[in-house]
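Q: next input, structure requested:
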Amino acid sequence: MNTLSNVLKKSGHDIYENILEIVVVSLLTSIPILPCLFMFLPVGMLYLLLVAMPCFMGAYYAMNIKLNRKPFKYTTVFKGIKKFYLKGLLYGLILGINIFIVSSSWWYYLKIKTVGSFTIAMFQTYFFIMVILSQLYTIPILMTEGIKLSVAMKTSIRLFLDNPIYTVGTFIQILAILILLILTVVSLPLLYFGVLSVLLINIYKNVLSKYKEAEEM
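A: Residues are numbered from 1 along each chain as shown. Presented below is the predicted three-dimensional model:
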């Protein structure tokens, strides 16, 4: 199993080699999400839940085919969205519920500002971070193994518990990339889904190599 820095170097090389595909795939999967910016907040959030995760799955599906050097077409994005829409929708709803709980906890604290409400908000934030970390491998597992969402989520939890430092490092890198692209504004829809897909593909392959090496010994 390679170190995280080596995986990042490989991902950077893959991004450089496939920058055109990353830009087009990111655009194709970002454009359907953009209308949420012009909707009233409750409607926009609901729309985001309906389209965001399935669109990202479409981007991952397309980039996975490209990196594995299989016949690639940009229409593969829409094939991926169609194929994984229901699973993506359900997974997005699960994450959306957790985000809503954390947001509500902090809103409640800011409204009444008591020690109890602060404690609840901090606990919910910690729980949310643990959920995100434990589910970091769910999409790669789901889309490469062809299993049920519940099984993929359980497998992701096991991988996180077995590789906690590696997973935390990966999460920090994903956050850093997101922040950098947000600061440039235009780069977010142009690059994020494609770049994140490449990173997750390589991160997951690297984790799997650990267990393949163990089996060969």
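
Q: buried ones in the worst-scoring helix or strand of the chain on mean pLDDT?
A: When the helices and strands of the chain are compared on mean pLDDT, DSSP states H and E, helix 187-216 comes out lowest with a mean of 84. Buried residues in helix 187-216, counted by 16 or more other Cβ atoms under 10 Å: 187-208. From N, CA and C alone the C-beta is placed, and that goes for glycine too.

Q: same question for stretch 19-36.
A: Here stretch 19-36 shows 21, 22, 23, 25, 26, 27, 28, 29, 30, 32, 33, 36 as buried, counting by 16+ other Cβ under 10 Å.

Q: can you list contacts of that stretch?
A: Contacts with stretch 19-36, where a contact means Cβ atoms under 8 Å, 6 or more residues apart in numbering, come from 15, 44-45, 47-48, 51-52, 55-56, 58-59, 62-63, 66, 72, 74, 77-78, 81, 188-195, 197-198.

Q: what is the rounded mean pLDDT of stretch 92-111?
A: For stretch 92-111, mean pLDDT is 92.

Q: can you give me how far it is from the chain middle?
A: 19 Å (Cα atoms, centre = their mean, to the nearest Å).

Q: mind listing what's buried along that stretch?
A: For stretch 92-111, using 16+ other Cβ under 10 Å, the buried residues are 92, 95, 96, 98, 102, 105, 106, 108, 109.
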